[in-house]
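Novice: 3D model of this:
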Amino acid sequence: MSIDADARQYWDAAADHFDDEPDHGLRDPDVRSAWATRLRSWLPATPSDVLDLGCGTGSLARLAAADGHRVTAVDRSERMVALARAKLSGTDARVVVGDASHPPVGGGGFDVVLVRHVLWALPDPGAVLRRWADLLRPGGRLVLVEGRWGTPPAGISAGILAELAAPLGGSTQVEQLGHDTALWGQEVCDERYVAVVRPAPRASRRHTEVVDVHLLLLRGEDVLLARRDGTGYADGLLHAPSGHLEDGEDVRAGMIREAREEIGLELAAGELDVAMVMQHRAPDGRARIGWFFVAHHTTGDPEPVNREPDKCSELGWYPLDALPDDMVAYCRAAIDGYRAGHRFLLHLHESGDTIAYAPDGPARAVPLPTAAVPVSGV
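Specialist: You can find the predicted model right below:
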């Protein structure tokens, strides 16, 4: 059975009990009133075209329809759609079976795309956001209710969502919701929020790529690797200490900051050498520019420590000539390329590739040649 078929089967089976959660069924008048009030603040004040993706049993769609909005609701589960149609009977809402990441609707026809607790579970959420933005009329908005919950944590943090939405231009406003117990019918101690994203007009969006920095900390013939955990991307795999460049930050300053934040080392600019620049892309993802720096750890230097245990389960030293297989593929390619003397590399996954290094998988690393320095007088 395919992954899609498994997911449909799971949600079909969950449909009959889906509304038992207070914030799903909105059966309690106080919970329903709390969501109705919040929804009015996120949606336009005048009747508008609202697309509810991953609508479940249609609780939020019904609130929007009750306020006069013209609602189209989509869910991949036929059982969920049947329950949503029953819940929305007597309204003009349309409920259809479809994939939230590729909804069966035309582009540019909606004032609002409303999505609750769906984006985090979709492959390549950045690409999904771009597709959803293309469904909007000029001046439209995405209303995304998301969060991070459970143990181990699931979901997507507000900071990560804001990064994913940044290439859309426009504005992103985040409103924290976890403190409002009326919305959940109980106290919650995890992150719950809504992000209201107003993308810039498509014609004014420019090509952008995230810039990230990676530290190859060498101790003799060993390299320091961190095992990702609780991040929602490549969890369980080994990777070099790394992070995104912050606005206005140069790559060397970003690397120094990330080394301090992740492994507790205070590196000086003179201790960093550029190992490689790589354009890399995750499966079904967008390309990024990665700068890899080398620093050397010698006897007497402070030991690296795990300063982010919520994102990293362990640190370890691994031999450069016998790297483990359970690594993020592009990081493994970068280290192998650096050892081979390459300084510029492409590593662009194709759809269906694994994030993890696959010894027998397709070779995605493409070294880029450097130009010879012209000799004066020749």
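Novice: which intervals of the protein have sub-threshold pLDDT?
Specialist: Within the chain, the stretches with pLDDT under 70 are 1-5, 203-207, 284, 377-378.
Novice: what's the lengthiest strand in it packed up against?
Specialist: In the chain, assigned by DSSP state E, the strand with the most residues is strand 136-149. Counting contacts by 3 or more Cβ pairs under 8 Å, 6 or more residues apart in numbering; DSSP states H and E, strand 136-149 is packed against strand 110-116, helix 125-133, strand 154-155, helix 158-165, strand 191-198. (Each C-beta comes from the backbone N, C-alpha and C, glycine too.)
Novice: and those, which is most packed in?
Specialist: Between these, the one whose residues have the most neighbours on average, counting mean count of other Cβ atoms under 10 Å, is strand 110-116 (a mean of 24).
Novice: got the angle between that strand and helix 125-133?
Specialist: Computed with axes from the mean of the first three to the mean of the last three Cα atoms, to 10 degrees, the direction of strand 110-116 lies at 140 degrees from that of helix 125-133.
Novice: before we move on, back to that, got the helices and strands packed on strand 136-149 as a markdown table, with distance to T57 columns?
Specialist: Putting these into a markdown table (distance: least, Cβ to Cβ, whole Å) gives the following:
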| stretch | distance to T57 |
| --- | --- |
| strand 110-116 | 12 |
| helix 125-133 | 21 |
| strand 154-155 | 20 |
| helix 158-165 | 24 |
| strand 191-198 | 20 |
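Novice: and the residue nearest the centre of this protein?
Specialist: Compute the mean C-alpha point of the chain, and by Cα atoms, centre = their mean the closest residue is P125, 5.3 Å away.
Novice: I'd guessed that residue sits against L164; true?
Specialist: Yes - the pair P125 and L164 qualifies as a contact (Cβ atoms under 8 Å) at a distance of 5.6 Å.
Novice: now do the contacts for A234.
Specialist: A234 is in contact with R228, V328, I355, A356, counting by Cβ atoms under 8 Å, 6 or more residues apart in numbering.
Novice: now, which of these lie within strands?
Specialist: With strands defined by DSSP E, the entries of the contacts of A234 inside them are R228.
Novice: which pair in the contacts of A234 has the greatest spatial separation?
Specialist: Set against one another by Cβ to Cβ, the contacts of A234 have their most distant pair in R228 and A356, with a gap of 10.9 Å.
Novice: which residues are common contacts for the two?
Specialist: In terms of Cβ under 8 Å, 6+ apart, R228 and A356 are both contacted by the residues A234, L237, V328.
Novice: the nearest residue to the second one once chain neighbours are set aside and A282, how far apart?
Specialist: If you skip the residues right next to it in sequence, L237 has V328 as its closest partner in space, 5.0 Å away by Cβ to Cβ, 6 or more residues apart in numbering. Applying Cβ to Cβ, to the nearest Å, one obtains 9 Å for the distance of V328 from A282.
Novice: so what sits against both of these two?
Specialist: Residues touching both V328 and A282 by Cβ under 8 Å, 6+ apart: I355.
Novice: how far away is the residue nearest to the centre of the chain from C55?
Specialist: Counting by Cβ to Cβ - P125 and C55 are separated by 18 Å.
Novice: how about stretch 17-31: buried residues?
Specialist: Of the residues in stretch 17-31, those with enough neighbours to count as buried (16 or more other Cβ atoms under 10 Å) are F18, D19, P22, D23, H24, G25, L26, V31.
Novice: more neighbours, R228 and A356?
Specialist: Neighbours of R228 and A356, each counted by other Cβ atoms under 10 Å, are more numerous for R228; the result is 19 against 16.
Novice: who's in contact with the more buried one?
Specialist: Going by Cβ under 8 Å, 6+ apart, the list of residues near R228 reads A234, D235, G236, L237, L238, H239, K311, C312, S313, V328.
Novice: spit out the contact partners of the residue nearest to L237.
Specialist: Contacts here follow Cβ under 8 Å, 6+ apart; on that basis V328 touches R228, A234, L237, L238, H239, I355, A356, Y357.
Novice: and the first one, how far is that from D326?
Specialist: When Cβ to Cβ is the yardstick, R228 and D326 sit 11 Å from each other.
Novice: which neighbours do those two share?
Specialist: Both R228 and D326 are contacted by G236, L237, L238, under the criterion Cβ under 8 Å, 6+ apart.
Novice: for PyMOL, what selects the buried ones among those residues?
Specialist: The following PyMOL command selects only the buried members of the shared contacts of R228 and D326, with burial defined by 16+ other Cβ under 10 Å:
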select buried, resi 237+238
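Novice: which of the shared contacts of R228 and D326 fall in strands?
Specialist: Reading strands off those with DSSP E, I get L238.
Novice: distance to W184 added to the shared contacts of R228 and D326, as JSON lines?
Specialist: Output for the shared contacts of R228 and D326, formatted as JSON lines (distance: Cβ to Cβ, whole Å):
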{"residue": "G236", "distance to W184": "30"}
{"residue": "L237", "distance to W184": "33"}
{"residue": "L238", "distance to W184": "37"}
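Novice: and of the shared contacts of R228 and D326, the nearest to R260?
Specialist: L238 (20.9 Å).
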